[in-house]
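Chemist: Predicted model and sequence below, questions to follow.
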Amino acid sequence: MLWTIVVALIVGCIVGPLARLILPGKQNISLPMTILLGAVGSLIGSWVGANFLGTEGDQFSFWGLILGTIFAIVAVLVYGAVTGRDNSARRIS
């Protein structure tokens, strides 16, 4: 279980910035926030894999790693889509 958490955090810290690279245009997401989102998304994906797919155990879980990677990418994409827009052009008349 401990190794699952450690691997999820490491993968998330790597996949978070990679997900940011695939976002089109310039994002207003800081590198620490990107890494944090990647790590949290990866932990959530690993948790989903362990609890719903039965991938929990003392061994390395391929599906937990895949789900953690997918959730990390989704977390960065959603955060970038929600907060990465430039709202300075909006004016109240």
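Modeler: Alright, I've got the coordinates. Residues are numbered from 1 along each chain as shown.

Chemist: can we go C-alpha only for contacts and neighbour counts from here?
Modeler: Fine.

Chemist: so who does the residue positioned nearest the centre of the chain touch?
Modeler: Taking C-alpha atoms, centre = their mean, the centroid of the chain lies closest to residue 72, which sits 1.8 Å from it. Applying C-alpha atoms under 8 Å, 6 or more residues apart in numbering to residue 72 gives the contacts 12, 15-16, 19, 37-42, 45.

Chemist: gap between it and residue 46?
Modeler: Separation of residue 72 from residue 46 (C-alpha to C-alpha, to the nearest Å): 10 Å.

Chemist: ok, residue 30 - how many residues close by?
Modeler: Other residues near residue 30 come to 11 when the count uses other C-alpha atoms under 10 Å.

Chemist: quick one on the thing from earlier: just give the nearest non-adjacent residue to the residue nearest to the centre of the chain, would you?
Modeler: Here the nearest residue to residue 72 in space, its sequence neighbours aside, is residue 41; by C-alpha to C-alpha, 6 or more residues apart in numbering that works out to 3.9 Å.
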